[in-house]
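A.B. asks: Give me the fold of what follows.
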Amino acid sequence: MDLDVFVSAHRAEWDRLDALLRRRRRLSGAEADELVSLYQRTATHLSLIQSSAPDPQLTGRLSRLVARARSAVTGTRRASWRDVARFLAYGFPAAVYRSRRWWVPTALLSTAVAALLGWWIGAHPEVRSSIAAPEELRQMTRPGGEYETYYSSHPAASFAAQVWTNNAQAAAMCLVLGVFLGLPVLWILFQNMLNVGVGIGLMSSAGRLDTFLGLILPHGLLELTAVFVAAGTGLRLGWTLIDPGPRTRRTALAEEGRAALGMAIGLALVLFVSGAIEGFVTPSGLPTWARIGIGVAAELLFLAYVFVLGGRAARAGETGDLDDAERSASVPTAA
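C.D. replies: As a prediction, the model looks like this:
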């Protein structure tokens, strides 16, 4: 291809496209159609030059021109509060609902592991002695001990913020590290269940299991559910790497990864609520039944949000992934 001849033949089209882009907000209907047509032809010209007669300066100019035209044709969509509301009303609960076959078994098995660890620690003095010295254990489990003062050791607002940050990081790690075949997720989950199991075992051995449950249940129900959802989603992401199903592995990972990213944002909000309960309700002077009642109510509301609202959205086709138009910008080409 004679590059000089090609440039001479099409320079006017490129200049016209540039002129239309400079005043794209004031185009008539006919001019908008002309812009689309010139964009298609210029994209084709760029492809021809890149394959037949690559010229760095000309390629750079046309690449910038095509990029500007693509933005004008496809539009640059900005997120709005309506998008946030739609995500919270449909996308997030649908994504959690779709992952239920992973996080519900994860929750049941993890709870069983925590209970088993608690029984083992509580029933075997030699195990408790390996955790700490007897005097230290008494300091932890006695009335007014470390397990009780932990929740009131800092101002409620700062304590809630600290708890929320820590739990959000743990949930995010479960979601992100799931891509490593889910193995790091299992470790994070075990560490969380071990901490719960140690508390159950030590406090039950001191005859104060009811006190421990009264402290952990108000915030722990919602908090652990969020962790289980994150862990189940991370395990699902890891399994997608092994078995992507009818999709290509790349497509499957992209779809599940985007849904997991959106879920991380939603779970951060859930953990914000549980952190607020832990900071303000758990150490409050409310009766134990009232504190537990608040935790149970928050848990039931979340489950209804997922299984009722999310189930309805999932059956309507919502996946928690981006809309088709937002996944990638397709470049139209001229025949």
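
A.B. asks: contact partners of the helix or strand hosting Leu301?
C.D. replies: Using DSSP states H and E, Leu301 falls within helix 288-304. Residues outside helix 288-304 that contact it (CB atoms under 8 Å, 6 or more residues apart in numbering) are 213-214, 217-222, 225, 270, 273-274, 277, 281-282, 284, 286. To be clear about C-beta, it is placed using only N, CA and C from the backbone, and glycine gets the same treatment.

A.B. asks: Mind checking which of those residues land in helices?
C.D. replies: Among the contacts of helix 288-304, the ones falling in helices (DSSP state H) are Leu213, Gly214, Leu217, Pro218, His219, Gly220, Leu221, Leu222, Thr225, Val270, Val273, Ser274.

A.B. asks: Check the residue nearest to the first one when sequence neighbours are not counted and give its pLDDT.
C.D. replies: Translated: Leu213. Computed as CB to CB, 6 or more residues apart in numbering, the closest residue to Leu213 that is not its neighbour in sequence is Ile292, at 7.9 Å. Confidence at Ile292, expressed as pLDDT, is 95.

A.B. asks: cool, and Ser284?
C.D. replies: 87.

A.B. asks: Give me the phi and psi for it.
C.D. replies: phi -70, psi 170 (degrees, to the nearest 10).

A.B. asks: how many other residues sit next to the nearest residue to it once chain neighbours are set aside?
C.D. replies: Nearest residue to Ser284, sequence neighbours excluded (CB to CB, 6+ apart): Arg291, at 6.8 Å. Here the number of neighbours of Arg291 (other CB atoms under 10 Å) works out to 21.

A.B. asks: coming back round to it: can you report how many residues lie near the residue nearest to Leu213?
C.D. replies: Counted with other CB under 10 Å, the neighbours of Ile292 add up to 19.

A.B. asks: try Ser205
C.D. replies: 19.

A.B. asks: Please apply the same query to Pro134.
C.D. replies: There are 10 residues near Pro134, going by other CB under 10 Å.

A.B. asks: Could you single out the nearest of the ones in helices among the contacts of helix 288-304 to Trp102?
C.D. replies: Thr225 (13.4 Å; CB to CB).

A.B. asks: Please list all residues in contact with the closest one.
C.D. replies: Ala107, Val270, Glu299, Phe302, Leu303.

A.B. asks: And the last one, how close does it get to Phe92?
C.D. replies: This means Leu303. According to CB to CB, to the nearest Å, Leu303 and Phe92 sit 14 Å apart.

A.B. asks: ok, the two, which is more surrounded?
C.D. replies: Phe92 (26 against 15).

A.B. asks: residue ranges with poor pLDDT in this protein?
C.D. replies: 1, 53-54, 75-80, 152-154, 156, 158-159, 321-335 (pLDDT under 70).

A.B. asks: residues contacting the residue nearest the centre of it?
C.D. replies: The residue lying closest to the centre of the chain (CA atoms, centre = their mean) is Ala264, at 1.9 Å. For Ala264, the contacting residues are Ala171, Ala172, Leu175, Val176, Ala230, by CB under 8 Å, 6+ apart.

A.B. asks: got a winner among those for most neighbours?
C.D. replies: Ala230 (32 neighbours).

A.B. asks: residues near Leu62, how many?
C.D. replies: If we define neighbours as other CB under 10 Å, then Leu62 has 21 of them.

A.B. asks: Any figure for the gap between Arg98 and Ala157?
C.D. replies: As judged by CB to CB, Arg98 and Ala157 stand 35 Å apart.

A.B. asks: Quick check: the gap between Asp55 and Ala67.
C.D. replies: For Asp55, the distance to Ala67 equals 18 Å [CB to CB].

A.B. asks: what do you get for Ser47?
C.D. replies: In terms of CB to CB, Ser47 sits 14 Å off from Ala67.

A.B. asks: okay, the two: which has more neighbours?
C.D. replies: Ser47 (15 against 12).

A.B. asks: Now the more buried one: which helix or strand?
C.D. replies: Using DSSP H and E, Ser47 sits in helix 29-52.
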